[in-house]
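**Q** return a 3D structure for these sequence lines:
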Amino acid sequence: MLSALANIYRIPELRQKIIFTLIMFAIFRMGTHIPVPGVNPAVIEQLFQSGNLFGLLDLFSGGALSKFSIFAMSITPYINASIIIQLLTVVIPTLEQWSKEGQEGHKKTTQVTRYLTVALAFLQAVGMSIGLKDAILNPGIGSILIIAITLTAGTVFLMWVGEQITSQGVGNGISLIIFAGIVAALPKNLGRIYQYLQAGTINGFNAVLFGLIAVGMVVFVILIHQAHRRIPISYAKRVVGQRTYGGHSSHIPLKVNQAGVIPIIFASSVLMFPVTIAQFVDIPWVKTVAGYFAWGTPLQTSLYALLIIFFTYFYTAVTVKIPDMAENLKKYGGFIPGIRPGKPTEDYLDHVLTRITLAGAFFLAFIAILPNMVAGATHIEGVYFGGTALLIVVGVALDTMKQIESMVVMRHYQGFMK
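**A** Sure thing, here's the model as predicted:
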């Protein structure tokens, strides 16, 4: 394994890409410690210690949100903008046309996504500044505006860093920034477990059980992430002049988890809305209703799982275009053995996708409520494990390894993965 990893550093281009990516990570981590001007950090830390409402968002930002640094919003507005543009592609003909124009269309879509990111970042920054006005040293329109502009600039800078990692680094820049933020919290979480052991809050059995669950869930997520249903495809032979085309077999891979982490993000956003409103209003009935939606309550957990299943089917239906698949197969002379081309093929693919999506939806729901189960089994509170963070870390790690593998194979016949 060490010799295989050494092959990576023997390739000058790949070595430069890895070093560049690590430098960008260092810049990102330094930025998480640069505070926003005009804010009292002690008040912000007290807010995060009083509950876990923003704990997951703080995890994605690598601790920048709890410090209220210039990267407090992380790359979240860009992710939201990308999801919105992806969903609008089905509705707006112009965006749909751009998606079919190849590289040029991709450039136009990326430019629109950037503009939408700036708008969403500024709106989110203004909302955060108003919601956390108790932490502002001199509350006022001028102070709120300065804080909002600073937070927006931090998000835009992270968006640029992500694009630089994609173009000059090892790729997947935006995903790697989130990955770096989550992994950066690992030493803090391990230190918290050690503190629990020192204080006698938990015993060695709880810590070992937590480790076994962690390893088991990582393996389980990897298996599901890689799992897919192969639909066999055969191509009819065609004779054009003196050449024969087709006559070979292939397959369509339909992933079990086609929607990725998007359903969990959608579901958590919906359920966090009433709790977030209750944080900033002093109305008794609003706080009473929000109490039912608090993290870990039976109602919240049940609705969370149901919403994840719903959004899994919704997002899969939007992104995976079965009619286009069937039409392309028919156009290029491909067919599924035993299934007639056209509408029967479309119905068959839709039937298969519906069945495997159900498995993927239950998988996402289980992963999302996993932190509650782990906390109940091990009595380790405040250590985020599972859910979106676990899916992102495993998914980004696997995709990055595949990209590095392809770069190594371009120079050698054998890569570093066995």
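**Q** below-threshold pLDDT in this structure: ranges please.
**A** 1-7, 45-64, 237-248, 273, 275-282, 286, 290, 382-387, 411-418 (pLDDT under 70).
**Q** determine the longest helix present in it.
**A** In the chain, with assignment by DSSP state H, the single longest helix is helix 343-378.
**Q** that helix packs against which elements?
**A** helix 204-226, strand 228-235, strand 249-255, helix 262-280, helix 298-319, helix 322-331, helix 387-411 (3 or more CB pairs under 8 Å, 6 or more residues apart in numbering; DSSP states H and E). The C-beta positions use only the backbone N, C-alpha and C, and glycine is treated the same way.
**Q** do that again at 10 Å, thanks
**A** helix 204-226, strand 228-235, strand 249-255, helix 262-280, helix 298-319, helix 322-331, strand 334-335, helix 387-411 (3 or more CB pairs under 10 Å, 6 or more residues apart in numbering; DSSP states H and E).
**Q** for the ones you listed, which one sits closest to residue 24?
**A** Closest approach to residue 24 among those (CB to CB): helix 387-411, 13.6 Å.
**Q** and the longest helix of the chain, how far out from the chain middle?
**A** In terms of CA atoms, centre = their mean, to the nearest Å, the centre of helix 343-378 is found 17 Å from the chain centre.
**Q** quick one: it to helix 204-226, angle?
**A** Per axes from the mean of the first three to the mean of the last three CA atoms, to 10 degrees, the angle that helix 343-378 makes with helix 204-226 is 170 degrees.
**Q** between helix 343-378 and helix 387-411, how many degrees?
**A** Using the same axes, to 10 degrees, helix 343-378 lies at 120 degrees relative to helix 387-411.
**Q** can you give me the buried ones in helix 343-378?
**A** 345-346, 348-350, 352-353, 356-357, 360-361, 363-372, 374-375, 378 (16 or more other CB atoms under 10 Å).
**Q** test my guess that residue 213 contacts residue 390.
**A** No - using CB atoms under 10 Å, residue 213 and residue 390 do not qualify as a contacting pair, with a distance of 11.0 Å.
**Q** okay, those two: which has more neighbours?
**A** residue 390 (22 against 17; other CB atoms under 10 Å).
**Q** need the contact list for the more buried one.
**A** 182, 214, 217, 218, 220, 221, 261, 367, 368, 370, 371, 384 (CB atoms under 10 Å, 6 or more residues apart in numbering).
**Q** ok, now which ones touch residue 378?
**A** Counting by CB under 10 Å, 6+ apart, residue 378 makes contact with 193, 196, 202, 205-214, 385.
**Q** coming back round to it: minimum distance to residue 20: which of the helices and strands packed on helix 343-378 has it?
**A** Residue 20 lies closest to helix 387-411 among these, at 13.5 Å (CB to CB).
**Q** which parts of the closest one are buried?
**A** Applying 16+ other CB under 10 Å to helix 387-411 flags 387-397, 399-400, 404, 407-408 as buried.
**Q** confirm that residue 380 sits in a helix.
**A** No - counting by DSSP: H, G, I helix; E, B strand; the rest coil, residue 380 is not part of a helix but coil.
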